[in-house]
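Asker: any chance you can model this:
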Amino acid sequence: MNVNPTRMELKKLKGRLKTAQRGHKLLKDKTDEMIRRFSVLVRETARLRAEVESEVADVLRMFSLARGTMSDKEIELAFSMPVAALSLECVTVNLLNLEIPKLHLQRSQSEESYPYSFAEVTSEADHAVASAGRLVERLLRLAELEKATTMLSDEIERSKRRVNALEYVMIPDIEETIRYISQKLEENERGSLTRLMKVKSMLEEREV
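Answerer: I've put the predicted structure just below:
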């Protein structure tokens with residue numbers, strides 16, 4: 001670091017070093033906690049994704065069975081009139097100073113649970129409609145978890161870069177500069193002491 005080797009500068013650098021070391025510790029602790037939370041989120045996301053993918057496959061299989069026993073016209077008539085209206089609200093929650101999206105689903109249901117007469121469709125279609133309705137909230141929860149996981153992963157990378165910059169660049173530079181200034185001041189003190197001793201010796205010689 002390009003600084004003047006003075007005691008004032010040495011004092012300032014020692015203060016900066018303490019601040020950098022304290023910031024490094026806090027940032028390292030925060031990074032460790034984010035990694036712990038990230039591991040929990042990854043496990044929960046993987047579990048929910050496996051469950052949702054299995055449920056989606058079941059719903060598609062039931063719809064396929066229903067289509068196999070019904071004509072295209074019957075399918076279109078049966079599902080052309082929805083019985084529920086969905087609205088989605090997106091807010092944010094704070095996770096370690098990171099704003100994570102949170103989805104709130106609001107459902108308004110009509111008096112009829114199914115948009116068709118039971119005599120017109122097969123039981124597979126009934127099960128598919130019921131399962132698809134239950135699956136919406138789980139899909140939204142999966143979307144929340146995956147977004148939170150991605151955002152937390154990016155923040156961990158940024159935090160690691162800052163920790164490394166402090167640990168391997170900034171703190172060593174400050175420590176090296178402190179050593180340089182300390183050595184320079186010691187050299188100046190020795191030089192001053194040598195000059196004083198010479199002056200004293202010359203004065204003593206004159207007196208003699």
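
Asker: which helix or strand contains the residue positioned nearest the centre of the chain?
Answerer: Geometric centre of the chain, nearest residue: L152, 1.9 Å, by Cα atoms, centre = their mean. In this structure, L152 sits in helix 123-165 according to DSSP states H and E.

Asker: next helix or strand past that helix?
Answerer: Next in sequence after helix 123-165, counting helices and strands by DSSP H and E, comes helix 171-207.

Asker: now that next one against helix 123-165, angle please.
Answerer: With axes from the mean of the first three to the mean of the last three Cα atoms, to 10 degrees applied, the angle from helix 171-207 to helix 123-165 works out at 10 degrees.

Asker: for helix 171-207, buried residues please.
Answerer: For helix 171-207, burial by neighbour count (16 or more other Cβ atoms under 10 Å) applies to 171, 174, 177-178, 181. All C-beta atoms are positioned from the backbone trio N, CA, C, and that covers glycine.

Asker: in this structure, which helix or strand is least confident?
Answerer: Lowest mean confidence among the helices and strands of the chain (mean pLDDT, DSSP states H and E): helix 72-79, at a mean of 70.

Asker: helix or strand right after that helix?
Answerer: Next along the chain after helix 72-79, taking DSSP H and E as the criterion, comes strand 84-95.

Asker: could you export that next one as PDB, CA atoms only?
Answerer: C-alpha atoms of strand 84-95 as PDB (Å, rounded to 0.1, in the frame of the first residue of the first chain):
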ATOM      1  CA  ALA A  84     -62.600 -22.200  -9.400                       C
ATOM      2  CA  ALA A  85     -60.800 -18.900  -9.900                       C
ATOM      3  CA  LEU A  86     -57.200 -18.600  -8.700                       C
ATOM      4  CA  SER A  87     -55.300 -15.400  -7.800                       C
ATOM      5  CA  LEU A  88     -51.700 -15.300  -6.700                       C
ATOM      6  CA  GLU A  89     -50.000 -12.800  -4.500                       C
ATOM      7  CA  CYS A  90     -46.300 -12.500  -4.300                       C
ATOM      8  CA  VAL A  91     -44.600 -11.000  -1.200                       C
ATOM      9  CA  THR A  92     -41.100 -11.200   0.100                       C
ATOM     10  CA  VAL A  93     -39.700 -12.600   3.400                       C
ATOM     11  CA  ASN A  94     -36.300 -11.900   4.800                       C
ATOM     12  CA  LEU A  95     -33.800 -14.700   5.000                       C
END
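
Asker: what are the contacting residues of it?
Answerer: 37, 99-110, 133, 136, 140, 148, 152 (Cβ atoms under 8 Å, 6 or more residues apart in numbering).

Asker: what packs against the helix or strand following that strand?
Answerer: Using DSSP H and E, the next helix or strand after strand 84-95 towards the C-terminus is strand 98-109. Counting contacts by 3 or more Cβ pairs under 8 Å, 6 or more residues apart in numbering; DSSP states H and E, strand 98-109 is packed against strand 84-95, helix 123-165.
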